[in-house]
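Enquirer: predicted model follows, preceded by the sequence.
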Amino acid sequence: MNIRSKKIKSVINIPGDKSISHRALMISSISNGVSVIHKFLFSKDSLATMECLKNLGVKIEIDDSRIKVFGNGLYSLKKYDDVLDAKNSGTTIRIMSGILSGSSFDSIIDGDESLRARPMDRIIKPLSLMGAGIYSLKKDKFAPLNISGRKLNSISYNMEIDSAQVKSCILFAGLYCDGITKIIENVKTRDHTERMINYFGGNIQIDKNVISIQRGEMEAREISIPGDISSASFFMVLASCIDGSELLIKDVGINETRTGIINVLRSMGADIEFINVHFNYFEEVCDIKVRGTSSLFGTLIEGDIIPTLIDEIPIICVLAAFAKGETIIKNIEELKYKESNRVKSIVDGFVKLGIEIYEFEDGIRIVGGGNIKGCEVNSYNDHRIAMAFMILSVLSGEDIKIINKSCVDISFPSFYEILNYILR
């Protein structure tokens, strides 16, 4: 197998975390006072959340990478007479539904064709149990959603799907309830919402896998958003695969519910070092140093680690293609309900490229070390699929044409700019 031989020697900064950017806007909007958000991610997804909040009457000012959000409390949002557009953002439609359910007006929230194919029954069920008037305007419980704001009831809810979006939706709705709403997680998912609500003074308690929340006003805060580890993962894999390379990625968030990618990279022989570890407001941050090696090998990825790296599966598959031996990834049914069916997107592309890959009931098996051939592959308008194939193209040296490669703007508008800087 041919692997790019020119070493990478670079220092880069990664844009702000997408998950935290969404939540920072939402929480600031329903807090009291002026919140200041530094290093906000100006991607299509996070801007969809901003536009929805502006349409609901929230004043938001942009000054370079700094944002001011003028919040007026839990019940300050105003009815929007048109349809709220979440565009391609599952985070926007699912988490905003929790806020809209507790508001005092009716709303319709919708998205693009891709978002309309993603299941919404996972939030409709718990919100309905809380007394929300929420239903799908399309059969089979997909967007658009009609939401009638009502007084909500607290519930105790055992998570049926290990999803941070569903959990966050319930937590936001819980801010509008009388009594204590409890969420019981089977597997801990990313906890940015819990950390941020606590930082803004919300009434939230965490006891192992049980999260309790109740009504309570929050106060404006200043925050700085760390670099997105999901975005950094593409360059971590790139540098790891090229022997002798050194890449330093500055100020990356290393929340323990997001570092599954680091554990997997290390289990496959990658040389990853954390430098200057510290807390940035409520999130742990560090510089990540990656040293390339020729000794990468396959591994087994399954179980509780999956929710901590669900967004990184596409780029892990690229790493697997260049590692020695087999990599088996199990328990990834949830990957079928992302911006695309990512299992299908990966398998279809890898088969065309000549990479040995096999799909089974809830996972995939990849045999690394084979020859890769240039061809045209489909991103299926999925940002993480497009970026994974671009890294694969760079590593293999093959001409891989990616259909709609510009869809990376959904989460990482500067992806190609940073990639070109690293490869200069």
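Expert: Thanks, I have the structure now.
Enquirer: skipping adjacent residues, who's closest to residue 73 in space?
Expert: Spatial nearest neighbour of residue 73, chain neighbours left out: residue 32 (5.1 Å); criterion: Cβ to Cβ, 6 or more residues apart in numbering. The way it works is simple: take the backbone N, C-alpha and C, and place the C-beta from them, glycine included.
Enquirer: what's the neighbour count on the one you found?
Expert: Applying other Cβ atoms under 10 Å, we find 16 residues neighbouring residue 32.
Enquirer: quick check, pLDDT for it.
Expert: Listed pLDDT for residue 32 reads 98.
Enquirer: again, but for residue 1
Expert: 62.
Enquirer: isn't there a strand covering residue 211?
Expert: Yes. Looking at residue 211 with DSSP: H, G, I helix; E, B strand; the rest coil, it is inside a strand.
Enquirer: can you tell me the SS state at residue 230?
Expert: helix.
Enquirer: need the contact list for the residue nearest to residue 73.
Expert: Contacts here follow Cβ atoms under 8 Å, 6 or more residues apart in numbering; on that basis residue 32 touches 71, 72, 73, 217, 218, 219, 220.
Enquirer: turn the residues you listed into CSV, including pLDDT, neighbour count and secondary structure.
Expert: Listed next are those as CSV, based on pLDDT from 0 to 100; neighbours: other Cβ atoms under 10 Å; DSSP: H, G, I helix; E, B strand; the rest coil:
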residue, pLDDT, neighbour count, secondary structure
71, 98, 25, strand
72, 96, 15, strand
73, 97, 14, coil
217, 95, 16, coil
218, 98, 24, coil
219, 98, 13, strand
220, 98, 18, coil
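Enquirer: quick check, nearest of those residues to residue 5?
Expert: residue 220 (52.0 Å; Cβ to Cβ).
Enquirer: so where do the helices sit in the chain?
Expert: Assigned by DSSP state H, the chain shows helices spanning 18-29, 44-55, 90-101, 121-129, 164-174, 192-199, 229-241, 260-267, 313-322, 342-353, 383-396, 415-423.
Enquirer: can you check which of these gets nearest to residue 185?
Expert: Here helix 164-174 is closest among those (Cβ to Cβ), at 7.0 Å.
Enquirer: need the contact partners of the closest one.
Expert: By Cβ under 8 Å, 6+ apart, helix 164-174 touches 19, 23, 26, 90-91, 94-95, 97-99, 101-102, 122-123, 126-127, 130, 132, 152, 154-155, 157, 159, 181, 183, 185, 189-194, 197, 204, 211, 213-214, 257, 307.
Enquirer: ok, now how distant is the residue nearest to residue 73 from residue 9?
Expert: Separation of residue 32 from residue 9 (Cβ to Cβ, to the nearest Å): 48 Å.
Enquirer: where does the protein dip in pLDDT?
Expert: 1-3 (pLDDT under 70).
Enquirer: at 80 what do you get?
Expert: 1-5, 65, 139-140 (pLDDT under 80).
Enquirer: related to what we said a few turns ago, quick one: closest of the helices of the chain to residue 253.
Expert: helix 229-241 (5.6 Å).
Enquirer: elements contacting that closest one?
Expert: strand 246-253, helix 260-267, strand 271-280, strand 283-291, helix 313-322, helix 383-396, helix 415-423 (3 or more Cβ pairs under 8 Å, 6 or more residues apart in numbering; DSSP states H and E).
Enquirer: try 6 Å this time
Expert: When contacts are defined as 3 or more Cβ pairs under 6 Å, 6 or more residues apart in numbering; DSSP states H and E, helix 229-241 packs onto strand 246-253, strand 283-291, helix 313-322, helix 383-396.
Enquirer: any chance of those in CSV, plus mean neighbour count?
Expert: Putting those into CSV (neighbours: other Cβ atoms under 10 Å) gives the following:
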stretch, mean neighbour count
strand 246-253, 21
strand 283-291, 20
helix 313-322, 26
helix 383-396, 25
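Enquirer: which residue packs closest to residue 403, ignoring adjacent ones?
Expert: residue 378 is the one closest to residue 403 (Cβ to Cβ, 6+ apart), at 4.7 Å.
Enquirer: just checking, that neighbour touches residue 404?
Expert: No. Residue 378 is beyond contact range of residue 404, at 8.0 Å (criterion: Cβ atoms under 6 Å).
Enquirer: who has more neighbours out of those two?
Expert: Higher neighbour count among residue 378 and residue 404: residue 378, with 19 against 14, using other Cβ under 10 Å.
Enquirer: could you chop this structure up by domain?
Expert: 9-15+226-423, 18-224 (automatic domain parsing).
Enquirer: check the gap between the residue nearest to residue 73 and residue 59 for me.
Expert: With Cβ to Cβ as the criterion, residue 32 and residue 59 are 13 Å apart.
Enquirer: next, count neighbours for residue 140.
Expert: So residue 140, with other Cβ under 10 Å, has 8 neighbours.
Enquirer: list phi and psi for it.
Expert: Residue 140 adopts backbone torsions of phi 70, psi 20, taken as degrees, to the nearest 10.
Enquirer: so how far is residue 118 from it?
Expert: 11 Å.
Enquirer: equivalent analysis for residue 331, please.
Expert: Taking Cβ to Cβ, one finds residue 331 at 19 Å from residue 118.
Enquirer: how about residue 380?
Expert: Taking Cβ to Cβ, one finds residue 380 at 13 Å from residue 118.
Enquirer: more neighbours: those two, which one.
Expert: Shown here are residue 380 and residue 118; by other Cβ under 10 Å, residue 380 has more neighbours (20 against 17).
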